[in-house]
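# output the structure for:
(2 chains)
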Amino acid sequence: MSALTVSALSKAFGGLHVTRNVDLDVQPGERRLIIGPNGAGKTTLFNLITGELSPDSGSVTLFGEDITRVPSRRRPHMGMARTYQIITLFPRDTIIHNVSLALLGLSPLRWNPLIEMKHQGHIAERAHEALTRVGLAHIAERPLSQTSYGERRRVEIAMALAQNPRLLLLDEPFAGLSIDERRDVHQLLLAIPRDVTMVMIEHNMDVALEFAERITLLHFGEVIVEGSRAEVVADPRTREVYLGH
Amino acid sequence: MSARYLAVAVAALALLTVPYWVPGVYYVNVASQILFYAIFALGLNVLVGYAGLVSLGHAGLFGIASYATGYLLQLGYGHPSAIVAGLVAGIAAMAIFAILSLRASGIGFIMITLAIGQIIWGLAYRWISVTNGDNGISLHGRPAPFGLSLNDANVFYYATLVIFAVSLAAVAIFVRSPLGAALCGTRDQPRRMNALGYHVWAIRFCACLFSGLLTAISGILFVYYTQFISPQTLALTSSAEVLLMVISGGAGTLLGPIVGAALVVVVKSVVSGFVERWNMLLGVIFVAIVILMPEGIVPGSARLWRVAWRKFGAPSGPVATGAKP
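Numbering: from 1, shown residues only, chains lettered A, B, ... in the order given. Predicted structure coming up:
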């Protein structure tokens, strides 16, 4: 059974077809890289997989279950987590509060108006564990507004990991990071266990190629090349539309 | 005892002793008004401050609770039935209000709430068989729970104070709860909250119901206080006034709406006796708040206090600055 299967997925905004008959089959534990030039439809594909956009046609299956019509808010409960290309966090709150919100999102506690949030020790404990995984436990109580861009990227990843996903979608996790921060995030991603299937969009080919086992190249919303790392890099179409000669 | 607890103790003591230190019954009544308008502002603040949803139709909900109570009393029902009817009508109206208005957020939400508020105001004017139109509904007497007649200004004040304290505690518990945290999350990043597994619409709907409950409570207190309800109470200016209470005091804070309510009620009821152009004075105060403390009086005062403390009050010198806390 595949972790993620995308079949003939299409989406158009008016006359602009941003995703055309995209097929994707990601095996459990796989590290899949999605590449393509700007405007190729990579983030739109993520938005279709997570349900933030509804496809015009086609289907999405998560671990054998058809989720095409499942509301996007239900998908994290089914084991899907994502990060965003543009960091999307809660800037008024502390780092640990951000991660706690991620944990609370999957807990029935989120409907409770009577208990005090800060007294939920098990939530704080698990949030600390997630922050330890990304190396931010020592600044857990720091307001997010006082953190660097690289730290915020790691908070995003901590929030996704805190939800114990089976499928993790990473949208350009290295974007805007310094060399040192890139190395840290790279190490962090390599340390994620194999029971988490990962699909990543990335432009930084140095780190991305090291991460990827299989690569899908999108161009004008279509899959034009797919295969192992070596196959895709060697394919002349990859060089023509993306890597350059 | 920390400064915060000391301030709360002083405020509680001041509120408990109002009938003993204000100059007369008129001022006790002003204090009662401050308290029930503070409940109204706290209710609106749940939406404006914690959900990021600005409503310009809350006076309509306030009026529905008032009218429901007044109408049942006019029909000859007892006070308990009238009060329950007011609460149920207020919350039911809020549920409908929320279903219609939560289809949008931002400016769309404001416009829908404004339109609904105006429809309710129009109904109050034109549904004469129920509302008595422009003449309004008059009440004859207040209830006397536990043998204590609320016709007495001091007793009414203490009853309002108890309800205010319970309402304030309820809001304090709500905003610190997981649901409150989720609500603030939907204010800041609704898309992210959805991606984290939250039902953003349902969370906002719960907040609307809570806001509706507080609004209904204040509406019932209002109709018992004035013993009269007319369409004027539901007008857009009333919605704008309570919104100004929230914004001027500090949206998204617990004390802000209370301070805002006190400011507006004092200017309207006390200062207006000395200053003929009190409306202009209120406008000038709001402009000053917007310029000097755009975040509102409570958070703005805290900020100015911190600035002043750093500049004038904080210990300085090589020993103090180098010392570890």
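# following the one helix or strand in chain A whose mean pLDDT sits lowest, which helix or strand shows up next?
For chain A, counting by mean pLDDT, DSSP states H and E, helix A:205-211 ranks last in confidence among helices and strands (a mean of 84). Sequence order places strand A:214-219 as the next helix or strand after helix A:205-211, per DSSP states H and E.
# what's in contact with that following strand?
By Cβ atoms under 8 Å, 6 or more residues apart in numbering or on different chains, the list of residues contacting strand A:214-219 from outside reads A:22, A:24, A:26, A:30-37, A:40-42, A:45, A:223-229, A:232-233, A:235, A:237-238, A:241-242. (Each C-beta comes from the backbone N, C-alpha and C, glycine too.)
# in that strand, which residues are buried?
Residues of strand A:214-219 classed as buried: A:Arg214, A:Ile215, A:Thr216, A:Leu217, A:Leu218, A:His219 (neighbour count, 16 or more other Cβ atoms under 10 Å in any protein chain shown).
# grab the CA positions of that strand and hand them over as CSV.
In CSV, the C-alpha atoms belonging to strand A:214-219 read as follows (Å, rounded to 0.1, in the frame of the first residue of the first chain):
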residue,chain,number,x,y,z
ARG,A,214,13.1,9.7,-5.9
ILE,A,215,12.4,13.0,-7.7
THR,A,216,9.4,14.3,-9.6
LEU,A,217,9.9,17.2,-12.0
LEU,A,218,6.9,19.4,-12.6
HIS,A,219,6.7,21.8,-15.5
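# roughly how far does the residue located most distally from the centre of chain A sit from chain B?
Relative to the centre of chain A, the most outlying C-alpha is that of A:Leu114, 33.3 Å out, by Cα atoms, centre = their mean. Between A:Leu114 and chain B the computed distance is 6 Å (Cβ to the nearest Cβ, to the nearest Å).
# wait, a helix at that residue?
No - residue state for A:Leu114 (DSSP: H, G, I helix; E, B strand; the rest coil) corresponds to coil; a helix is not indicated.
# wait, it sits on B:Val175?
No - if you go by Cβ atoms under 8 Å, A:Leu114 and B:Val175 don't touch, sitting 12.0 Å apart.
# which of the buried residues of strand A:214-219 lies closest to B:Leu53?
Each of the buried residues of strand A:214-219 was checked against B:Leu53 using Cβ to Cβ; the closest is A:Leu218, at 38.1 Å.
# point out where chain B drops to low pLDDT.
Along chain B, segments meeting pLDDT under 70 span B:1, B:314-325.
# so where does the residue nearest the centre of it fall, helix or strand?
Compute the mean C-alpha point of chain B, and by Cα atoms, centre = their mean the closest residue is B:Ala41, 1.4 Å away. Here B:Ala41 sits within helix B:25-45, counting by DSSP H and E.
# what comes up buried for that helix?
Buried residues in helix B:25-45 (16+ other Cβ under 10 Å): B:27-45.
# which elements pack onto it?
Applying 3 or more Cβ pairs under 8 Å, 6 or more residues apart in numbering or on different chains; DSSP states H and E, we find helix B:25-45 packed against helix B:18-21, helix B:58-74, helix B:153-176, helix B:200-226, helix B:236-249, helix B:256-269.
# from chain B, how far out is A:Asp184?
In this structure, A:Asp184 and chain B are 23 Å apart, going by Cβ to the nearest Cβ.
# residue contacts, that residue?
Residues touching A:Asp184, when contacts are defined by Cβ under 8 Å, 6+ apart, comprise A:Gly135, A:Gly150, A:Arg154.
# check it and give its pLDDT.
Note on A:Asp184: pLDDT of 88.
# quick one: contacts for the residue farthest from the centre of chain A?
Contacts were defined as Cβ under 8 Å, 6+ apart; by that measure A:Leu114 touches B:Ile173, B:Ser177.
# what of A:Pro76?
By Cβ under 8 Å, 6+ apart, the residues touching A:Pro76 are A:Gly105, A:Leu106, A:Gln163, A:Pro165, B:Ala195, B:Leu196, B:Gly197.
# which other residues reach stretch A:89-99?
A:101, A:124, A:127-128, A:130-131, A:136, A:139-145, A:147, A:151-152, A:155-156, A:158-159, A:162, B:181, B:184-185, B:188-189, B:192.
# need the distance between the two termini of that stretch.
Across its full length, stretch A:89-99 reaches 10 Å between end residues, using Cα to Cα, to the nearest Å.
# which parts of chain A are helices?
Secondary structure of chain A (DSSP state H): helices located at A:42-50, A:95-104, A:121-133, A:149-162, A:179-190, A:205-211, A:229-234, A:236-238.
# closest one to B:Gly90 among these?
Of all those, the one in closest proximity to B:Gly90, counting by Cβ to Cβ, is helix A:95-104 (29.8 Å).
# for the closest one, what is the average pLDDT?
Confidence over helix A:95-104, taken as the mean pLDDT, stands at 96.
# how many neighbours does residue 90 have?
The chain I'm using is chain A. For A:Phe90, the neighbour count with other Cβ atoms under 10 Å in any protein chain shown is 21.
# you answered for a different chain; I wanted chain B.
In terms of burial, B:Gly90 registers 29 neighbours under the definition other Cβ under 10 Å.
# worst mean pLDDT among the helices of chain A?
Of all the helices of chain A, the segment with the smallest mean pLDDT is helix A:205-211, scoring a mean of 84.
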